[in-house]
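**Q** got a sequence here, can you build the structure:
(one chain, ligands or ions: 2)
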Amino acid sequence: MVGFKLSLPASSANIGPGFDSAGIALNRYLTLQVFENDKWEFEHNSHLLPSFTDYKDHFIYQIAKRLADRHNKSLPACRVKIDSEIPLARGLGSSASAVIAGIELANQLCCLSLTPEDKLAFGTEIEGHPDNVAAVLFGGFVITVKTPKNEIDYFQLPALNLDIVVYIPTFELKTEDARKVLPKSYSRKEAATASGISNLVMASLISGNFELAGRMMEQDLFHEPYRAELIPNYQFIKQAAKNAGAYGTVISGAGPTMISIVPKGTGETTANHIQSLLPDYQVEALMVDTNGLQIKLAAE
Ligand SMILES: Nc1ncnc2c1ncn2[C@@H]1O[C@H](COP(=O)(O)OP(=O)(O)OP(=O)(O)O)[C@@H](O)[C@H]1O
Ligand SMILES: N[C@@H](CCO)C(=O)O
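**A** Ligands and ions are numbered 1, 2, ... in the order given. Next up, the predicted model:
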């Protein structure tokens with residue numbers, strides 16, 4: 001039977017002060033193989049996926065249904081085989097990949113002809129912020145914002161000559177909980193300094209000044225000072241990564257994973273070294289995914 005396959009990368013949001021705005025796609029994937037069927041069936045082929053009882057409770061189905069309803073279409077029944085390399089609630093964008101999977105499922109099954117911008121807008125509506133969903137859709141390092149006029153703009157940075165290391169702990173931290181510790185507002189002085197730091201991070205990344213980018217990344221004022229206490233080994237990981245030659249280390253998304261940018265070619269060595277210091281963590285050198293959402297034909 002011929003169907004289609006969706007591949008969606010993991011992502012790391014914020015990169016320090018790019019709070020709710022910057023996201024980078026990473027080479028771990030959520031994949032769905034979708035085939036016509038006489039009833040809805042989901043098959044999970046990874047221990048990283050959440051359990052569910054009825055298809056109507058499945059998060060990805062719910063997103064697809066919501067989008068189909070909005071377009072007054074009915075979703076034809078399918079059998080969906082899902083695999084995942086993205087751990088849940090760790091700050092690696094599992095929910096954004098699932099949201100975009102649901103959106104693309106409805107797009108394909110109901111022939112909605114959505115543009116990338118349509119998918120970004122609906123994904124942002126569900127997630128509440130566009131950073132992870134933009135990275136999942138477009139790949140690479142994407143800066144995006146929903147303006148006061150309710151328009152969503154985005155810019156994809158040129159390829160970065162960097163390696164990435166992630167430090168994934170065994171426990172989960174829900175984004176919802178990690179947002180509760182943040183202030184409701186910032187003073188003008190704080191906001192001006194925080195956005196100045198963010199501007200410097202983005203400009204220095206684009207121009208390849210990674211020492212400056214790393215130094216500024218670590219001085220975020222929007223979320224890191226409030227979330228640090230939720231993340232065991234926060235200072236230890238930063239210092240160990242710095243000692244190993246990392247440019248900068250920050251919380252990945254809402255945490256609890258942390259992420260370093262390191263000189264090209266040093267990712268594996270840094271990861272192996274810090275893995276030996278933190279045996280309970282999964283420390284991995286990852287690559288930037290430059291493709292984003294991929295849709296291909298699938299057969300079984
Ligand atoms: N593949 C999936 N299938 C179904 N539900 C999922 C899937 N991936 C994520 N979810 C849902 O999203 C929740 C995790 O979302 P949450 O925003 O807390 O963390 P995250 O997206 O992994 O991290 P962050 O947003 O900080 O990068 C899971 O507990 C689950 O309810
Ligand atoms: N920008 C979001 C990413 C997690 O979804 C946050 O930091 O809360």
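**Q** tell me which stretches of this protein form helices.
**A** 59-70, 94-109, 116-127, 131-138, 175-180, 188-207, 210-217, 224-227, 234-243, 267-277 (DSSP state H).
**Q** right, so those helices: which one is the most enclosed?
**A** Compared across these, helix 131-138 shows the largest average neighbour count, a mean of 30 (mean count of other C-beta atoms under 10 Å). Where you see a C-beta, it was placed from the backbone N, CA and C, and this is true even at glycine.
**Q** mind checking if that helix is in reach of ligand 2?
**A** Yes. Helix 131-138 lies within reach of ligand 2 by C-beta under 6 Å from any ligand atom, at 131-132.
**Q** looking at the helices of the chain, which is closest to residue 37?
**A** helix 94-109 (11.3 Å; C-beta to C-beta).
**Q** can you give me the domain boundaries for the chain?
**A** 2-157+289-299, 162-286 (automatic domain parsing).
**Q** how about the first one, does it reach ligand 1?
**A** Yes. Contact of domain 2-157+289-299 with ligand 1 (C-beta under 6 Å from any ligand atom) involves 13, 30, 49-50, 59-60, 84, 88-96, 98, 132.
**Q** what does the last one give?
**A** Yes. Contact of domain 162-286 with ligand 1 (C-beta under 6 Å from any ligand atom) involves 174-175, 253-254.
**Q** check these against ligand 2, which are close?
**A** Answer for the residues of domain 162-286 next to ligand 1 near ligand 2 (C-beta under 6 Å from any ligand atom): 175, 253-254.
**Q** rewinding a little: so can I have a markdown table of the helices of the chain showing mean pLDDT and distance to residue 283?
**A** Compiled in a markdown table, the helices of the chain are given as follows (pLDDT from 0 to 100; distance: least, C-beta to C-beta, whole Å):
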| stretch | mean pLDDT | distance to residue 283 |
| --- | --- | --- |
| helix 59-70 | 98 | 28 |
| helix 94-109 | 98 | 19 |
| helix 116-127 | 98 | 27 |
| helix 131-138 | 98 | 21 |
| helix 175-180 | 97 | 21 |
| helix 188-207 | 98 | 23 |
| helix 210-217 | 98 | 18 |
| helix 224-227 | 98 | 20 |
| helix 234-243 | 98 | 9 |
| helix 267-277 | 98 | 4 |
